[in-house]
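S.K.: got a sequence here, can you model it:
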Amino acid sequence: MSNFFTFSMDARFASGVRFGGGVDTGRTTTDICDVRKALPEVTIAGGVTLTNPYCHVASPFSGNTQIKVNGSYPLPREFFVSAIYQNLSGPAYR
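M.R.: Residues are numbered from 1 along each chain as shown. Predicted coordinates:
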């Protein structure tokens, strides 16, 4: 199950400057405890058995937060300079 929230904005100014950005955050929950109890002998992808202790895994909001900012500035002769910044979460460690 996943619950995510997004906030984004985009602004264009009369001078031709453009600015945009957003924040995404959420939580993902995986729960196979009932399946593990009913079928302990079953294996899933990669040969991992359902007997491992991690049957209920919930990732925190902070682990799924993404911040994105972008913008552009017009130059003479119809050229533009632009920049992008992204702050994305990395892989989960146990």
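
S.K.: who are the contact partners of N3?
M.R.: By CB atoms under 8 Å, 6 or more residues apart in numbering, the residues touching N3 are 26-27. Glycine gets a C-beta too; all of them are placed from N, C-alpha and C.

S.K.: distance of the most centrally placed residue in the chain from S2?
M.R.: Nearest residue to the geometric centre of the chain (CA atoms, centre = their mean): N64, 4.7 Å. Separation of N64 from S2 (CB to CB, to the nearest Å) stands at 9 Å.

S.K.: cool, Q86 as well?
M.R.: Relative to S2, and taking CB to CB, Q86 is found at 20 Å.

S.K.: and what of F61?
M.R.: For F61, the distance to S2 - CB to CB - is 12 Å.

S.K.: what's the overlap in contacts for these two?
M.R.: 26-27.

S.K.: over to the residue of the chain most remote from its centre: give its phi and psi.
M.R.: Farthest-out residue of the chain from its mean C-alpha position, per CA atoms, centre = their mean: R77, at 37.9 Å. Phi and psi for R77, reported as degrees, to the nearest 10, are phi 60, psi 30.

S.K.: give me the common contacts of N64 and S2.
M.R.: 26-28.

S.K.: how far off centre is stretch 25-42?
M.R.: 21 Å (CA atoms, centre = their mean, to the nearest Å).

S.K.: mind listing residues that contact that stretch?
M.R.: Against stretch 25-42 from outside (CB under 8 Å, 6+ apart): 1-5, 49-51, 55-61, 64-66.

S.K.: in what helix or strand does V69 lie?
M.R.: V69 is part of strand 66-75, with elements assigned from DSSP states H and E.

S.K.: packing partners for that strand?
M.R.: strand 18-31, strand 79-87 (3 or more CB pairs under 8 Å, 6 or more residues apart in numbering; DSSP states H and E).

S.K.: quick one: secondary structure of G16?
M.R.: Look at G16: counting by DSSP: H, G, I helix; E, B strand; the rest coil, its state is coil.
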